[in-house]
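*Asks:* okay, here's the prediction I keep looking at, along with the sequence it came from:
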Amino acid sequence: MFNPNRLQFAIDRRAVSKAELAEKLNVTPRTLTNYLNGNTEPNLVDLSRVLSLPIDFFKGSDLPIIDEHSVSFRSRSRMTKKVKAEALTYGITGFMLNDWFEEEFELVQSELPDLSHLSPEEAANTLRYDWGLGDKPIGSLIALLESKGIRIFSIFVKSEYIDAFSVWYDDQPFIFLNNQKTMERSRFDACHELGHLVRDIYSMKMSESFGKSLEQDLDSKAVERGADEFASAFLMPEVALMEYRHVNPTLNNLIELKKVFGVSLVALAYRMHKLGLISEWIYTRVLCPAIAKYNYRKSEPHPMDRETSQVLNTITSELNSEGMSLDDIAKKINLRKADITPLLFQLADSTKPFHLFQVLK
Amino acid sequence: MFSLQPSFDATSDKFIDETSEVVSALAAIHPSLTTQLVYEVILAANEKTQHVGTSFPTNALLAMWQFHISGFLREKLCSFGWTKVDGKGGVAYVISPCKEHAIRVFAGNKYVGLRDGSVSNKSIKGSTLKDDIYPLLNSDKGTTIWTLLHYRFGELMRLELSQPKSFAKGRIDDWSTRIKLPDIKFNIPTTPRMKDKVEVGVVPIKRKKKA
């Protein structure tokens, strides 16, 4: 039985316009609208071919729905509707994958505290205390978040306006990180989203329930600023940075120091400036022009190694050892390998060489 | 028998290096003049000279330092009411609001910031400096010349703000007052803390048993 809900997902996932799709299917836009309204049934073979999805995909039950307003997007105002919809399809695919993984594996369940009553700085310090991190710099951040039950997936959206987004699904927090950014920036984005998950937990969940927009209830810029402050304080605790108060804030020294905290040069300079470790004059007159001159706002000097998901790595390795390839995993949720690999931090499929070896043998 | 004696010419009348005295001596010139201000000027100049590229002639680096320290010192002090005055031959002075003090930047020799030794300007200067020190600014206009001397070796820079007294053979050879400014270390101190990070071990994942 054809499910129109899944056709809409496929359109968003492939980021095609309805007019384009209608042309490729050789039907009128009106006919396509009828498919989407469930008034008529399409030719599933054609749909499968044009949208590169298995026929069975279009027959499944309703997919999870993500209310756009329950999602914390960065740079929401500058995003096009199409990009937003594409990003949400990653979210839905992530939920589908996670549901299947949870059927097969026992994963850590999340118990994120509600810190909505605290300021960003206080919330960051409280969470660090709760998690027993003290004021030390954080090594592998993705592993840390996963160990607290947060599901982390990557996304592959070619838009500078999507850094990351987070959402609650079945009381489980999810963070989706755009894999196109530098690792330092991704770490900051992950902590920014963590800030939303612990500080805006109520607003995110309520707007999901009542369909209200976050922006209607709150000043979205203030919310985003709060999440940035949280991320900054979480990655660079004041006490830890104070240890380096005698270090001259030269660009070279900051480049060394950013490696300690695993943050971008820009984020470190800003945080040190806010904490009074760098004077206004040095920050605005010396560091900012130097950072701009070397294009360090977009690129990163001495970039750190990219972190990947420990959980997803373990799961795929385990399944691979059982002879299950990424293709097989994708088939379990009626998708294709290309649809799930961007979510898995582009993890390599190790089953192929094994099978090839077996054949050769 | 003989004993080793420092080969210095202690010609300066007054060498100030006690922190509180340094602060007072600077404030006596003008309240805006602080060790923090000089520190920021040096950091800013350091930043400008750090990334000059491999093709930059190394013998021009000192001139570059000179240029940037002068520039940033003037920029900072002018925000407190000081004025830029270009002397003869484009010499960059910055004059205090009361017109009683003028500061000029010099690269100094290896004795900069040290009580002992014959501190002087590194490169030989011409008659312009002589004119400035003696009649032109000193007496006629009642303006005292101060020189901000800097000397860098490796990652350390020593500084002093000194008042010249006499000039001979292209160099200032005597000083009325020498105010030693705090040394600046450009390198980052490495502490064990830098390597001490929170690491999560293995995130527990268990395969469910199939029925």
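*Replies:* On my side now, so go ahead.

*Asks:* next one, pLDDT for B:Lys110 please.
*Replies:* Note on B:Lys110: pLDDT of 90.

*Asks:* show me the shaky parts of chain B.
*Replies:* Counting by pLDDT under 70, chain B shows low-confidence ranges at B:1-13, B:51-59, B:89, B:126-141, B:188-195, B:210-211.

*Asks:* ok, 80 please
*Replies:* Chain B contains residues with pLDDT under 80 at B:1-13, B:50-62, B:87-91, B:123-142, B:167-170, B:187-196, B:209-211.

*Asks:* distance check, the residue nearest to A:Gly38 when sequence neighbours are not counted against chain B.
*Replies:* Once flanking residues are discounted, A:Gly38 sits nearest to A:Pro4: 4.4 Å by C-beta to C-beta, 6 or more residues apart in numbering or on different chains. Every C-beta, even on glycine, is put in place using the N, C-alpha and C of the backbone. Separation of A:Pro4 from chain B (C-beta to the nearest C-beta, to the nearest Å) stands at 34 Å.

*Asks:* just checking, A:Pro4 touches A:Thr33?
*Replies:* No: using C-beta atoms under 8 Å, A:Pro4 makes no contact with A:Thr33, being 10.2 Å away.

*Asks:* and the two? Which one has more around it.
*Replies:* Between A:Pro4 and A:Thr33, A:Pro4 has the larger neighbour count (other C-beta atoms under 10 Å in any protein chain shown), namely 18 against 13.

*Asks:* how about the contacts made by that one?
*Replies:* Contacts here follow C-beta atoms under 8 Å, 6 or more residues apart in numbering or on different chains; on that basis A:Pro4 touches A:Tyr35, A:Leu36, A:Asn37, A:Gly38.

*Asks:* separation between it and B:Phe106?
*Replies:* Counting by C-beta to C-beta, to the nearest Å, the gap from A:Pro4 to B:Phe106 is 81 Å.

*Asks:* what is the nearest of the contacts of A:Pro4 to chain B?
*Replies:* A:Gly38 (36.1 Å; C-beta to the nearest C-beta).

*Asks:* can you report how many residues neighbour that closest one?
*Replies:* Using other C-beta under 10 Å, A:Gly38 has 12 neighbouring residues.

*Asks:* packing partners of the host helix or strand of A:His273?
*Replies:* Element membership of A:His273, judged by DSSP states H and E, is helix A:265-274. For helix A:265-274, the packing partners by 3 or more C-beta pairs under 8 Å, 6 or more residues apart in numbering or on different chains; DSSP states H and E come out as helix A:220-235, helix A:251-261, helix A:288-293.

*Asks:* which outside residues touch the helix or strand that that helix is followed by?
*Replies:* Sequence-wise, the next helix or strand downstream of helix A:265-274 (DSSP H and E) is helix A:280-281. Under the contact criterion C-beta under 8 Å, 6+ apart, helix A:280-281 has outside partners A:His273, B:Glu40, B:Lys76.

*Asks:* for the last one, helix, strand, or coil?
*Replies:* For B:Lys76, the assignment made with DSSP: H, G, I helix; E, B strand; the rest coil gives helix.

*Asks:* quick one: it from A:Pro4, how far?
*Replies:* Counting by C-beta to C-beta, the separation of B:Lys76 from A:Pro4 is 67 Å.

*Asks:* kindly report the same for the second one.
*Replies:* B:Glu40 is 65 Å from A:Pro4, where distance means C-beta to C-beta.

*Asks:* same check on the first one?
*Replies:* Between A:His273 and A:Pro4 the distance, using C-beta to C-beta, works out to 52 Å.

*Asks:* so what strands line up beside the strand ranked longest in chain B?
*Replies:* Scanning chain B for the longest strand, with DSSP state E as the assignment, gives strand B:171-185. Neighbouring strands of strand B:171-185 in its sheet, by DSSP bridges, are strand B:14-16 (parallel), strand B:156-168 (antiparallel).

*Asks:* flag every buried residue along that strand.
*Replies:* Within strand B:171-185, the residues that count as buried by 16 or more other C-beta atoms under 10 Å in any protein chain shown are B:Arg171, B:Ile172, B:Asp173, B:Trp175, B:Thr177, B:Arg178, B:Ile179, B:Lys180, B:Leu181, B:Pro182, B:Ile184.

*Asks:* what sits against the residue positioned nearest the centre of chain A?
*Replies:* Central residue check for chain A by C-alpha atoms, centre = their mean: the C-alpha nearest the mean position is that of A:Phe176, 1.5 Å away. Under the criterion of C-beta under 8 Å, 6+ apart, the neighbours of A:Phe176 are A:87, A:90-91, A:94, A:152-155, A:164-167, A:343.

*Asks:* try A:Thr40
*Replies:* A:Thr31, A:Asn34.

*Asks:* B:Lys110 too?
*Replies:* B:Gly117, B:Tyr151, B:Phe153.

*Asks:* need the phi and psi values for the nearest residue to A:Leu347 once chain neighbours are set aside.
*Replies:* Closest residue to A:Leu347 apart from its sequence neighbours, by C-beta to C-beta, 6+ apart: A:Thr316 at 5.5 Å. Per-residue torsions, A:Thr316: phi -70, psi -40 (degrees, to the nearest 10).

*Asks:* hmm, back to that, could you dump the contacts of helix A:280-281 into CSV with neighbour count and distance to A:Tyr283 added?
*Replies:* CSV is the format used below for those (neighbours: other C-beta atoms under 10 Å in any protein chain shown; distance: C-beta to C-beta, whole Å):
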residue, neighbour count, distance to A:Tyr283
A:His273, 18, 4
B:Glu40, 21, 11
B:Lys76, 21, 14
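
*Asks:* wait, which of the residues you listed is closest to B:Ile124?
*Replies:* B:Lys76 (28.8 Å; C-beta to C-beta).
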